[in-house]
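Student: next come a sequence and a model predicted from it.
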Amino acid sequence: MSDQTAETLANLLKEDRRFEPPAELAADANVKADAYAAARADREGFWAEQAERLSWDTRWDRVLDWDNPPFAKWYVGGKLNAAYNCVDRHVEAGRGDKVAIHWVGEPEDDTRDLTYAELKDEVSKAANALTDLGVGKGDRVAIYLPMIPEAVVTMLACARIGAPHTVVFGGFSADALASRLDDCQAKVVVTADGGYRRGTASALKPAVDEARTKTDVVEKVLVVRRTGQDLGENGWDDAVDVWWHDAVDGASSEHTPEAFDSEHPLYVMYTSGTTGKPKGILHTTGGYLTGAAYTHNAVFDLKPETDVYWCTADIGWVTGHSYIVYGPLANGVTQVLYEGTPDAPGPGRWWKIIQDYKVSLFYTAPTAIRSFMKQGNEIPDQYDMSSLRILGSVGEPINPEAYVWYRHVIGGDRTPVVDTWWQTETGAIMISPLPGVTAGKPGSAMTAIPGIEADVVDDEGHPVPNGSGGYLVVTSPWPSMLRTIWGDDDRYVDTYWSRFKKEGYYFAGDGAKKDDDGDIWVLGRVDDVMNVSGHRLSTTEIESALVSHPKVAEAAVVGATDPDTGQAVVAYVILRNEAGDGGPEIVKELSDHVRKEIGPIAKPRQIMIVPELPKTRSGKIMRRLLRDVAEGRSVGDTQTLADASIMDLISAGQATST
Ligand code: WT7
């Protein structure tokens with residue numbers, strides 16, 4: 001453990017505030033304390049019971065096939081349709097008039113409500129249109145859309161016809177999009193002319209056009225008209241591009257969903273790993289949907305008849321998949337879907353939405369909470385948020401101050417805060433308080449939820465005693481686990497299952513600590529992955545982007561602690577000899593380059609031009625030292641460094657850079 005982690009930990013463990021569940025909530029909770037033991041006593045029986053939440057065309061004959069670990073099969077022999085489960089069955093049960101989505105566009109008064117019956121029609125039309133465009137069972141469809149209802153509709157339409165979707169976050173660049181399209185060989189891309197961000201129309205379609213110059217896998221591009229903005233010169237290709245309103249609006253709203261095998265691929269979600277190449281995380285149908293529906297019900301104590309739910313994530317991330325689309329819709333909730341940024345047109349926008357729609361369950365990220373906290377209580381205090389019942393947090397550890405502020409200012413001290421730990425790979429929430437059971441500790445995700453078994457282990461895979469730290473592992477398979485990395489079974493085995501092969505544990509890549517009660521405090525990544533505003537970024541991926549610039553010889557990237565974004569990207573760059581000092585604009589030039597290669601989220605907070613990088617004698621970059629510099633600490637132990645004087649040069653350069 002680094003000195004820095006040890007220090008953070010020491011501070012965290014001084015935290016001794018506890019928040020008991022409100023008595024009323026506890027009395028009526030969906031999941032009670034006995035669930036933990038019941039699940040432990042008969043894990044497969046427990047998961048069979050959870051799968052009963054769904055409607056199956058054919059029941060499974062075996063809950064779990066773990067005969068060939070780490071390749072799991074859940075609900076073997078079962079058949080179902082995910083879109084039918086998220087939409088049709090609610091209509092068939094007489095809830096067609098219930099609002100599924102209160103969509104709130106960024107421009108004020110630009111709103112649209114979709115009932116479950118309307119959603120069923122839209123999904124059916126889109127399923128017919130995609131079929132007409134040549135998409136069949138097993139074909140991949142990429143989705144590059146803003147937060148508009150069509151994003152949800154397209155995901156469900158894909159699920160309905162058995163075409164795995166891959167949603168690419170709209171903030172990713174054309175290059176990042178192209179590499180994902182290529183990796184999963186997407187036949188069709190669904191996009192929009194643009195979307196609204198901070199009051200302006202921001203284009204999307206040109207990035208798809210550019211991506212198509214880098215890969216030729218795409219046959220058709222389906223385009224939603226959202227902003228009406230100009231598509232640019234050569235912005236339309238009649239052979240490829242099709243307007244959504246031409247293809248979908250006129251399509252039939254009759255569509256019979258086919259039942260697919262429980263293990264049929266549902267989607268691929270790309271996420272950063274420790275190498276430059278993003279990993280396509282594969283989720284399948286029955287187990288994933290069971291996990292998403294169960295956890296959404298349990299962790300948010302969902303009362304579908306009365307709750308109004310809102311998750312602020314973007315659909316381009318796994319949180320949007322599990323906790324906007326699949327979990328909530330399988331559970332038949334009414335939810336808010338918001339297109340824009342929290343500060344458009346003014347800083348109170350989110351709180352106004354909570355007030356207007358009487359949101360009762362709210363799920364967001366610590367980075368957002370911290371930015372509101374900075375603005376003070378005055379803004380949220382102007383809104384009536386008494387409808388709120390439970391507040392969720394996800395994406396990175398929530399610091400106790402932010403937790404307490406969230407509970408107090410947003411939740412009026414009535415609402416439990418559920419700090420939910422999970423990953424793209426886990427598909428669903430794994431470690432979290434249960435709002436009707438757990439006395440929450442600010443900063444701790446507490447314990448694995450019923451049905452999940454997690455632990456903290458040392459280098460040898462032995463569970464650490466209470467009061468100690470180690471690696472976070474999941475000790476038995478779970479229904480919503482990833483099945484593999486798309487097209488790369490070996491990387492799947494290596495990345496997640498080889499670190500604790502003997503024990504058969506899933507290695508999450510996070511460090512964690514068990515406190516004296518055995519509750520878990522997740523500390524952050526132990527690999528070369530950064531977490532910036534709850535988004536996962538790979539140091540290697542940004543280094544590769546920098547090195548692809550003609551003036552750059554070498555680059556090293558570290559994640560430095562940042563009060564707003566959790567971590568921030570700090571880059572150290574050695575220029576090529578022929579580039580001289582790079583010119584006056586070099587830092588901006590490199591920063592724009594990263595933005596172009598990956599996207600705005602990967603833009604370094606700081607770029608330092610340095611003469612050398614600290615390396616071990618075997619040539620490995622010592623990121624630990626660079627992190628010391630980036631965080632303004634005196635440089636730690638340089639004993640293994642090949643040339644210790646390099647650190648003096650870098651530390652001295654620190655004052656003049658940025
Ligand atoms: C990584 C996964 C899960 C959806 C959003 C991110 C970090 C996530 C927490 C939490 C501490 C957390 C971990 C994890 N993380 N939630 N509640 N407490 N850390 O998904 O992009 O796959 O990132 O986010 O480091 O490994 P992701």
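Tutor: Ah, there it is.
Student: just confirm V629 contacts V635, I think it does.
Tutor: Yes: in terms of Cβ atoms under 8 Å, V629 counts as a neighbour of V635; the distance is 6.4 Å. Where you see a C-beta, it was placed from the backbone N, CA and C, and this is true even at glycine.
Student: any common contacting residues for those two?
Tutor: 647, 651 (Cβ atoms under 8 Å, 6 or more residues apart in numbering).
Student: quick one: which of those two has more around it?
Tutor: V629 (22 against 19; other Cβ atoms under 10 Å).
Student: quick one: name the residues of this protein near the ligand.
Tutor: Selection of the chain residues close to the ligand by Cβ under 6 Å from any ligand atom yields 271, 318-319, 394-397, 419-424, 445, 508-510, 522, 524-525, 531, 534, 536.
Student: and if we set it to 8 Å?
Tutor: Neighbours of the ligand within the chain, by Cβ under 8 Å from any ligand atom: 271-272, 313, 317-319, 365, 393-398, 419-426, 429, 431-432, 445, 508-510, 522-525, 529, 531, 534-536.
Student: quick check: which ranges of this structure have low pLDDT?
Tutor: Scanning the chain with the threshold set as pLDDT under 70 gives 1-14, 653-658.
Student: 50 instead, please
Tutor: In the predicted model of the chain, residues 655-658 satisfy pLDDT under 50.
Student: quick one, domains of it?
Tutor: Following the TED database, the chain resolves into domains at 23-510, 533-655.
Student: buried deepest among the ones you listed, which one?
Tutor: Ranked by mean neighbour count, the domains of the chain are led by domain 23-510 with a mean of 20 (mean count of other Cβ atoms under 10 Å).
Student: the lengthiest helix in the chain: how far from the chain's middle?
Tutor: Looking across the chain with DSSP state H, the single longest helix is helix 116-132. With Cα atoms, centre = their mean, to the nearest Å as the basis, helix 116-132 stands 26 Å off its chain's centre.
Student: ok, the next helix-or-strand element following that helix: who's next to it in the sheet?
Tutor: As assigned by DSSP states H and E, the chain's next helix or strand after helix 116-132 is strand 141-144. Sheet pairing for strand 141-144, assigned by DSSP bridges, gives strand 165-167 (parallel), strand 188-192 (parallel).
Student: same list, these, but as CSV with distance to M647 please.
Tutor: Output for the strands paired with strand 141-144, formatted as CSV (distance: least, Cβ to Cβ, whole Å):
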stretch, distance to M647
strand 165-167, 42
strand 188-192, 47
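Student: now G340, nearest residue through space, not along the chain?
Tutor: Closest residue to G340 apart from its sequence neighbours, by Cβ to Cβ, 6 or more residues apart in numbering: E106 at 2.8 Å.
Student: typed the wrong thing, it's K137
Tutor: G162 (3.8 Å).
Student: then V474?
Tutor: Among residues not flanking V474 along the chain, Y506 sits closest, at 4.1 Å (Cβ to Cβ, 6+ apart).
Student: now the element after the helix or strand hosting D592, going C-ward?
Tutor: Assessed by DSSP H and E, D592 sits inside helix 586-597. Sequence-wise, the next helix or strand downstream of helix 586-597 (DSSP H and E) is strand 606-609.
Student: tell me how far that next one is from the chain's mean position?
Tutor: That offset, for strand 606-609, works out to 28 Å (Cα atoms, centre = their mean).
Student: who does it pair up with?
Tutor: With DSSP bridges as the test, strand 606-609 is paired with strand 566-575 (parallel).
Student: and the strand it pairs with, how far from the chain's centre?
Tutor: 23 Å.
Student: same thing with stretch 47-60?
Tutor: Using Cα atoms, centre = their mean, the distance from the centre of stretch 47-60 to the centre of the chain it belongs to is 26 Å.
Student: list the contacts of that stretch.
Tutor: Contact with stretch 47-60 is made by 63-64, 74-81, 84-85, 89, 259, 262, 286, 289-291, 293-294, 297, 330-331, 451, 478-479, as judged by Cβ under 8 Å, 6+ apart.
Student: for that stretch, how far is the first residue from the last?
Tutor: In stretch 47-60, first residue to last residue: 12 Å (Cα to Cα, to the nearest Å).
Student: same deal with stretch 154-171?
Tutor: By Cα to Cα, the extent of stretch 154-171 from end to end equals 19 Å.
Student: for the ligand, what's its nearest residue on the stretch 351-500 of the chain.
Tutor: Nearest residue of the stretch 351-500 of the chain to the ligand: T424, at 3.4 Å (Cβ to the nearest ligand atom).
Student: helix/strand/coil for the residue of the stretch 201-350 of the chain found nearest the ligand?
Tutor: Per Cβ to the nearest ligand atom, T319 is where the stretch 201-350 of the chain lies closest to the ligand, at 4.6 Å. Under the three-state scheme (DSSP: H, G, I helix; E, B strand; the rest coil), T319 adopts helix.
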